[in-house]
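> pasting the structure only:
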Ligand SMILES: C[C@@H]1N[C@H](CNC(=O)Cc2c[nH]c3ccccc23)[C@@H](O)[C@H](O)[C@@H]1O
């Protein structure tokens with residue numbers, strides 16, 4: 001019998017993180033929308049590298065922040081906009097330039113499957129307020145304008161066709177079609193939001209239509225929830241769980257409730273005892289930034305290293321792609337997804353369905369770390385030797401024999417006092433991360 005949740009925090013607190021989310025480990029985030037047309041942002045810092053103050057917000061590397069970056073009236077994006085489109089060009093004119101003319105959702109879903117992802121999270125409405133679904137509550141949407149398609153519905157169908165879970169991102173507290181005071185610091189971020197009950201109801205109503213139309217496996221709210229709408233959250237979330245029993249929500253509802261906590265680049269914190277998720281773009285931006293060339297985005301081995309260290313510490317990795325306005329995925333992004341899929345095809349036994357080991361990760365040097373996962377009674381030792389072709393590490397407290405999951409890995413394991421010494425002479429095709437199963 002399906003559990004029924006009452007619209008109370010007590011009832012909601014009984015919700016458990018579902019097995020599919022614990023097991024899934026790797027998701028694809030997608031930021032796609034009007035901002036994908038200009039596809040511009042300065043390449044400055046990772047979130048959390050510098051304080052979220054005027055310097056950050058007027059040199060924002062997030063291309064999906066283009067509206068605010070020009071709305072502040074100065075800075076690299078403003079200059080770019082004036083030069084390329086002219087001072088009087090309004091952001092909402094991008095709504096008729098975004099055609100998604102080369103978009104094939106089935107192709108995207110096949111790529112995500114090949115990447116080894118278990119779930120996908122797509123922006124349904126980002127801070128600019130443009131909706132990628134035929135909302136009853138605004139015509140500023142991709143059904144009426146631009147692509148003239150139900151982007152959310154078409155991708156949801158294609159993703160589910162590939163037996164992946166579909167999640168939806170919603171910008172709860174920030175919507176620049178309701179309140180667009182320029183945001184120049186974190187106080188603004190949380191306090192320039194529309195203060196009206198009308199907006200709170202708008203966010204509630206759109207969330208309800210997303211739940212009822214698409215039954216998403218993840219409801220990924222961003223930044224916060226309208227303060228005037230906090231009273232409607234227990235009902236909204238109980239409706240969500242009563243509609244999607246094994247759905248999950250993140251921790252961006254004003255710290256009122258979550259299934260999992262979130263990190264974003266260097267921002268946010270995580271502890272191994274609680275389920276968490278790391279999200280980041282492949283470069284410094286979530287939305288496509290045409291300036292982010294192959295040499296400017298995360299390397300394949302760093303992406304796999306991030307997946308391994310995240311999973312070994314009880315997290316999931318939600319790695320973002322920023323598609324072009326025409327619906328194609330930049331080659332450099334596709335290359336990384338395929339390489340991650342390759343690595344997981346060989347080493348995924350230590351990742352999917354694994355659980356955090358009681359053994360903490362060991363950092364020998366900046367380049368050499370050893371992580372542990374456990375699964376079905378086996379212990380996995382994941383040796384991350386970034387940038388090295390050979391490595392020898394002694395892992396204390398281990399005994400027995402260790403088998404590399406990748407047959408191309410050439411390694412010798414010898415028992416030394418109180419542990420096992422792993423000498424890896426060749427990492428094979430495993431991108432400098434060799435995984436061993438200890439029996
Ligand atoms: C996935 C990205 N999220 C950004 C918002 N993130 C933050 O405000 C930073 C943040 C990290 N952990 C949090 C917890 C609660 C609220 C915000 C954050 C958005 O501003 C970006 O455009 C993108 O959509």
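Great, that's in hand. Please read these numbers as outputs of a predicted model, since none were measured by experiment.
> Tell me the buried residues in the least confident helix or strand in the chain by mean pLDDT?
Taking mean pLDDT, DSSP states H and E as the measure, the helix or strand of the chain with the lowest value is helix 186-191, at a mean of 89. Residues 188-189 are the ones in helix 186-191 that count as buried (16 or more other Cβ atoms under 10 Å). (Each C-beta comes from the backbone N, C-alpha and C, glycine too.)
> same deal with stretch 386-396?
386, 391, 393-395.
> swap in stretch 234-254?
234, 236-242, 244, 247-254.
> following the helix or strand residue 120 falls within, which helix or strand shows up next?
Under the criterion of DSSP states H and E, residue 120 resides in strand 119-125. For strand 119-125, the following helix or strand on the C-terminal side (DSSP H and E) is helix 151-161.
> now the angle between strand 119-125 and that following helix, please.
Helix 151-161 and strand 119-125 are oriented at 170 degrees to each other (axes from the mean of the first three to the mean of the last three Cα atoms, to 10 degrees).
> now helix 151-161: mean pLDDT?
What helix 151-161 shows for mean pLDDT is 99.
> which residues touch it?
30, 32, 100, 105-106, 108-109, 112, 120, 122, 124, 132-133, 142, 165-166, 168, 210, 213-214, 216 (Cβ atoms under 8 Å, 6 or more residues apart in numbering).
> taking the buried residues of stretch 386-396 one by one, which sit in strands?
Taking DSSP state E as the definition of strands, these contribute 391, 393-395.
> of these, closest to residue 426?
residue 391 (10.7 Å; Cβ to Cβ).
> related to what we said a few turns ago, among the contacts of helix 151-161, which are located in helices?
Judged by DSSP state H, helices contain the following of the contacts of helix 151-161: 105-106, 108-109, 112, 210, 213-214.
> For the buried residues of stretch 386-396, which two are the farthest from each other?
Using Cβ to Cβ for every pair in those, the one that comes out farthest apart is 386 and 394, at 18.6 Å.
> picking that back up, of the ones in helices among the contacts of helix 151-161, keep whichever come out buried.
For those, buried by 16+ other Cβ under 10 Å: 105, 108-109, 112, 210, 213-214.
> Out of those residues, which comes closest to the ligand?
Using Cβ to the nearest ligand atom, residue 210 is the member of these that lies nearest the ligand, at 16.1 Å.
> Surely that closest one is in contact with residue 131?
No. Contact between residue 210 and residue 131 fails when scored by Cβ atoms under 8 Å: they sit 9.5 Å apart.
> Overlap of the contact sets of these two?
residue 124.
> can I get the ones in strands among the buried residues of stretch 386-396 in TSV with pLDDT and distance to the ligand?
Compiled in TSV, these are given as follows (pLDDT from 0 to 100; distance: Cβ to the nearest ligand atom, whole Å):
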residue	pLDDT	distance to the ligand
391	95	34
393	96	33
394	96	37
395	97	33
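> restrict the buried residues of stretch 234-254 to those near the ligand?
residue 252 (Cβ under 6 Å from any ligand atom).
> could you measure the residue nearest to residue 363 when sequence neighbours are not counted against residue 305, distance?
Once flanking residues are discounted, residue 363 sits nearest to residue 369: 5.0 Å by Cβ to Cβ, 6 or more residues apart in numbering. Distance of residue 369 to residue 305, given as Cβ to Cβ, to the nearest Å: 8 Å.
> tell me how far stretch 41-61 is from the chain's mean position?
Distance of stretch 41-61 from the chain centroid (Cα atoms, centre = their mean, to the nearest Å) equals 19 Å.
> Same question for stretch 191-199.
Counting by Cα atoms, centre = their mean, stretch 191-199 comes out at 26 Å from the chain centroid.
> And for that stretch, what's in contact with it?
For stretch 191-199, with Cβ under 8 Å, 6+ apart as the criterion, the contacting residues are 173-175, 178-183, 224, 226-229.
> and those residues near the ligand, which?
residue 224.
> Surely residue 27 is in a strand?
Yes. Judged by DSSP: H, G, I helix; E, B strand; the rest coil, residue 27 forms part of a strand.
> Going by neighbour count, which residues in stretch 267-278 are buried?
268, 270, 275-278.
> Stretch 408-422 too?
For stretch 408-422, a neighbour-count test (16+ other Cβ under 10 Å) marks 409, 411, 413, 420, 422 as buried.
> what's the span of it from first residue to last?
Using Cα to Cα, to the nearest Å, the end-to-end distance of stretch 408-422 comes to 15 Å.
> Please state the mean pLDDT value computed over it.
Averaging pLDDT along stretch 408-422 gives 95.
> same check, this time on stretch 284-302
pLDDT averaged over stretch 284-302 gives 97.
> is that stretch up against the ligand anywhere?
Yes. Using Cβ under 6 Å from any ligand atom, stretch 284-302 reaches the ligand at residue 286.
> distance between the ends of that stretch?
Span of stretch 284-302 from end to end, Cα to Cα: 14 Å.
> Check stretch 57-70 too.
Note: stretch 57-70 ends 11 Å apart using Cα to Cα.
> how far is that stretch from where the chain is centred?
Per Cα atoms, centre = their mean, the centroid offset for stretch 57-70 relative to its chain is 19 Å.
> Kindly report the same for stretch 275-291.
In terms of Cα atoms, centre = their mean, the centre of stretch 275-291 is set 7 Å apart from its chain centre.
> Report the angle between the helix or strand where residue 205 lies and helix 151-161.
Using DSSP H and E, residue 205 sits in helix 197-214. Interaxial angle of helix 197-214 relative to helix 151-161 (the same axes, to 10 degrees): 30 degrees.
> What mean pLDDT does the helix or strand following helix 197-214 get?
Scanning forward in sequence from helix 197-214 by DSSP H and E, the next helix or strand is strand 218-222. For strand 218-222, mean pLDDT rounds to 98.
> and strand 218-222, what does it pack onto?
Here strand 218-222 touches strand 119-125, strand 165-171, helix 197-214, strand 248-249, going by 3 or more Cβ pairs under 8 Å, 6 or more residues apart in numbering; DSSP states H and E.
> before we move on, back to that, what residues are shared contacts of residue 369 and residue 305?
Shared contacts of residue 369 and residue 305, defined by Cβ under 8 Å, 6+ apart, are found at residue 384.
> show me where pLDDT drops low in the stretch 201-350 of the chain?
Filtered on pLDDT under 70, the stretch 201-350 of the chain yields no residues whatsoever.
> Those residues of it touching the ligand, which are they?
222-224, 252, 262, 264, 267-268, 279, 286.
> Which one (most neighbours) among those?
residue 286 (29 neighbours; other Cβ atoms under 10 Å).
> my read: that one touches residue 319, true?
No. Applying Cβ under 8 Å as the test, residue 286 and residue 319 come out as separate, 10.6 Å apart.
> hang on, the earlier thing: show me what counts as buried in the helix holding residue 205.
199-200, 202-204, 206-211, 213-214.
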